[in-house]
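Q: Let's see this in three dimensions:
(2 chains)
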Number of protein chains: 2
Amino acid sequence: MTRRPALAVVGATGAVGTVLLTILSQRADIWGEIRLIASPRSAGRKLSVRGEEVEVVALTEDAFDGVDIALFDVPDEVAARWAPQAAARGTVVVDNSAAFRTDPDVPLVVPEVNAHAVRRRPRGIVSSPHCTTLSMIVALGALHAEFGLRELVVSSYQAVSAAGRAGVETLRRQLALVVGTELGTCPGDVRRAVGDDTGPFPEPVALNVVPWTGTLCEDGWSSEEMALRDETRRILGLPRLPVAVTCVRVPVVTAHSLTVHARFEDEVTVDRAQEILATAPGVVLYDDPAAGGFPTPADVVGTDPTWVGRVRRALDDPTALELFVCGDNLRKGAALNLVQIAELVAGEESSAVPRTTP
Amino acid sequence: MTRRPALAVVGATGAVGTVLLTILSQRADIWGEIRLIASPRSAGRKLSVRGEEVEVVALTEDAFDGVDIALFDVPDEVAARWAPQAAARGTVVVDNSAAFRTDPDVPLVVPEVNAHAVRRRPRGIVSSPHCTTLSMIVALGALHAEFGLRELVVSSYQAVSAAGRAGVETLRRQLALVVGTELGTCPGDVRRAVGDDTGPFPEPVALNVVPWTGTLCEDGWSSEEMALRDETRRILGLPRLPVAVTCVRVPVVTAHSLTVHARFEDEVTVDRAQEILATAPGVVLYDDPAAGGFPTPADVVGTDPTWVGRVRRALDDPTALELFVCGDNLRKGAALNLVQIAELVAGEESSAVPRTTP
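A: From the prediction side, this is the model:
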């Protein structure tokens, strides 16, 4: 019998960390020890995983002793400092921050799309894409494999939980201010009610949509728009794919949605696109508008797959499809993809280096 | 001195009717009598316009006696029946329903873009576009006049007030159910809380986005998606313009937003696009992301112009621009455009047929 690999969860007390522990408790259990690591101020707390209470330990170099694989969900600067240290001690790091997503020596992996990429990891680090990319890429990857993607135009409807607990609390606080009022009908009334209490967002998000996520890059682009373009190109292996994106925050707690205009190499049909999506691993086709069938965040939250509906062929271009795509930004958009990558690494290690107990 | 034209407001008690009376009270007053018309059950109510109380009269043939121009905001079937009757009695009808928007003998007019079209109206009816089209077309028309539009990909973020008072009440009722709860975090929890009380929408709209507006057309398209394509082509005079649209409802009370990917005949620059938008009548450029400057519904509600921000040149196509556009769906999206068309007609009549009082 092979030794079960030891797993660490770094950032176990955060919004994604909480979902990680849920997912690790739900999936087939291939792990030996699961060690929970967080900042020193959370050390000593007890969290439940696989039905057991586990005490959180502080993030130190020694915390990685005996850990085969570590899932990191921590701020970029914490990942940039600690992931290489863990890797230097022989732990494979699966990182959810932006710190390594553009590093050519760190593969950016979505198991349903480019599982093969996980094997070449010269820095001992594997990166997981941004939640917005992950909320659409499995469906797009399936269509690309058959039709050959030529161009993307994407708009997002991003949930507040992607900004962590503070994002959710901000929306709930703002909603409490607007409920039972006539707010939302006069210029600036929501802004006056909310005041400076916009939390992690640049503008009020209750009764509003905010065309900004991330930080400012060159020429007016936001970091999340650039990330969606760069990551889609890397994951699909299409380094020159034209990608136009506008990212928008909406007052939804969890589950990102995206509208996608995708142009392919040749003519496409809706029937074949629906067949591909209905059978692709990790994708649910929910496309029956006559019966009110299309995905919304309210359907999708708490589920694993990428949901796709509103599949139409562009009326003026037989090579293009229009889609509405929806995925849980905390599950496939973050925690689930980390766990899937870790399972890939664990499977590869156990098959490459069979170890027997005496 | 010329006789001041008499105006009628048909549908005076509705959501758009209410905004019509506000706008008529705010703009330069060129009107003689303003007559308020509604369904028989509203007859006898008194509404305020231009600081005076006016009694609502029932919609009958005689209601149009002596009326030069009538603004209609009523259901499609009511407009289809009554607009031709009013026109037959010599009243110029300016209609906000979908009943005549595709009729080649009824001009579809946005005064900032195609004012000239108002003069050819063989049926005596002028049509005003759908609120989603109106929320972007003034900005697009200005860019088209300089750059020459070649292709559009649009996604919408549509407010609930476009579905009338019932839309607003539905959102407020649903928000009251979710405030102070953890709803929005588990599969189907918002749906269970809301039950069948989805009002005019096919799905819950609080803490959700719904990729459906309008009725089902062929091949999975919605009527509002088809309208945005057809109307944009008519207004800009580009009958073969490729237009790809996905329409989505969001939990915003008033002001539609749209992301726009617009491809033009030749290379464009952001500087020139910003100059055009900053000087175009009816457009406000609000594009300073470094200082948090971009339009949101909370800024735009209650204002007249089309607001534009997030102006970027596509990274992979020097002929394409990305925009975020936002407009009040009840003002420019409905009531204001009706009043502007009526003012055009009134001006043309007074200059073409000068009448003097004895």
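
Q: phi, psi of the closest residue to chain B within the stretch 51-200 of chain A?
A: Nearest residue of the stretch 51-200 of chain A to chain B (CB to the nearest CB) works out as A:Gly184 at 3.2 Å. (Glycine included, C-beta is placed from N, CA and C.) Main-chain torsions, A:Gly184, degrees, to the nearest 10: phi 100, psi 0.

Q: Burial check on it, number of neighbours?
A: Neighbour count of A:Gly184, defined by other CB atoms under 10 Å in any protein chain shown: 26.

Q: Can you tell me how far the nearest residue to it once chain neighbours are set aside is from A:Arg249?
A: Excluding the flanking residues, the one nearest A:Gly184 by CB to CB, 6 or more residues apart in numbering or on different chains is B:Val253, at 3.2 Å. Distance, B:Val253 to A:Arg249, by CB to CB, to the nearest Å: 17 Å.

Q: about what we covered before: got a list of what the residue of the stretch 51-200 of chain A closest to chain B touches?
A: A:Gly184 makes contact with A:Val178, A:Val190, A:Leu207, B:Val252, B:Val253, B:Thr254, B:Pro297, B:Ala298, B:Val301, according to CB atoms under 8 Å, 6 or more residues apart in numbering or on different chains.

Q: Show the backbone phi and psi for the last one.
A: In this case it means B:Val301. When read as degrees, to the nearest 10, the backbone of B:Val301 gives phi -50, psi 130.

Q: Tell me how far the helix or strand that A:Leu338 is a member of lies from the chain's centre.
A: Take DSSP states H and E as the rule and A:Leu338 turns out to sit in helix A:336-352. Helix A:336-352 sits 17 Å away from the centroid of its parent chain (CA atoms, centre = their mean, to the nearest Å).

Q: about what we covered before: what's the closest of the contacts of A:Gly184 to B:Ala273?
A: Nearest to B:Ala273 out of the contacts of A:Gly184 is B:Pro297 (CB to CB; 22.6 Å).

Q: Contacts only, for the residue lying closest to the closest one once chain neighbours are set aside.
A: Among residues not flanking B:Pro297 along the chain, B:Ala255 sits closest, at 3.5 Å (CB to CB, 6+ apart). Residues in contact with B:Ala255 (CB under 8 Å, 6+ apart) are B:Ser135, B:Ala159, B:Pro297, B:Ala298, B:Val300, B:Val301, B:Cys326, B:Gly327, B:Asp328, B:Asn329.

Q: How many residues are close by the closest residue to the second one other than its chain neighbours?
A: Computed as CB to CB, 6+ apart, the closest residue to B:Ala159 that is not its neighbour in sequence is B:Val252, at 4.3 Å. Residue neighbour count, defined by other CB under 10 Å, stands at 29 for B:Val252.

Q: before we move on, what about A:Gly347?
A: So A:Gly347, with other CB under 10 Å, has 14 neighbours.

Q: For it, report the pLDDT, please.
A: Looking at A:Gly347, its pLDDT reads 92.

Q: likewise the one 5 residues further on?
A: The predicted local distance difference test score for A:Ala352 is 52.

Q: now swap in A:Gly195 and tell me
A: At A:Gly195, pLDDT is 88.

Q: Okay, A:Ser42 and A:Leu59: tell me how far apart.
A: From A:Ser42 to A:Leu59 the distance is 9 Å (CB to CB).

Q: These two - which one has more neighbours?
A: Set A:Ser42 next to A:Leu59 and count neighbours by other CB under 10 Å: A:Leu59 wins out with 23 against 19.

Q: The more buried one against A:Arg41, yeah?
A: No - applying CB atoms under 8 Å as the test, A:Leu59 and A:Arg41 come out as separate, 10.6 Å apart.

Q: what's around A:Ala159, how many residues?
A: Neighbours of A:Ala159 under the rule other CB under 10 Å: 31.

Q: ok now do it, which residues does it touch?
A: By CB under 8 Å, 6+ apart, the neighbours of A:Ala159 are A:Val250, A:Val252, A:Val253, A:Thr254, A:Ala255, A:His256, A:Pro297, A:Asn329.

Q: so how far is stretch A:186-196 off the chain centroid?
A: Relative to its chain's centre, stretch A:186-196 lies at 32 Å (CA atoms, centre = their mean).

Q: Any buried residues in that stretch, and which?
A: Neighbour counts using 16 or more other CB atoms under 10 Å in any protein chain shown place A:Asp189, A:Val190, A:Arg191, A:Ala193, A:Val194 of stretch A:186-196 among the buried residues.

Q: before we move on, what about stretch A:254-265?
A: Of the residues in stretch A:254-265, those buried (16+ other CB under 10 Å) are A:Thr254, A:Ala255, A:His256, A:Ser257, A:Leu258, A:Thr259, A:Val260, A:His261, A:Ala262, A:Arg263, A:Phe264.

Q: quick one: which of those sit in strands?
A: A:His256, A:Ser257, A:Leu258, A:Thr259, A:Val260, A:His261, A:Ala262, A:Arg263, A:Phe264 (DSSP state E).

Q: Can you narrow those residues down to the ones near chain B?
A: By CB under 8 Å from any CB of the partner chain, the members of those lying near chain B are A:Ser257, A:Thr259, A:His261.

Q: Wait, the first one touches A:Cys326, no?
A: Yes - with contact defined as CB under 8 Å, A:Ser257 and A:Cys326 form a contacting pair (4.6 Å).

Q: count of neighbours near A:Asp68?
A: As a measure of burial, A:Asp68 has 21 neighbours, counting by other CB under 10 Å.

Q: quick revisit: and the contacts of B:Ala255, which are buried?
A: For these, a burial check counting by 16+ other CB under 10 Å picks out B:Ser135, B:Ala159, B:Pro297, B:Ala298, B:Val300, B:Val301, B:Cys326, B:Gly327, B:Asp328, B:Asn329.

Q: quick one: is the worst-scoring helix or strand of chain A on mean pLDDT near chain B?
A: Least confident element among the helices and strands of chain A, by mean pLDDT, DSSP states H and E: helix A:336-352 (a mean of 87). No - Helix A:336-352 lies out of reach of chain B by CB under 8 Å from any CB, never closer than 14.3 Å.
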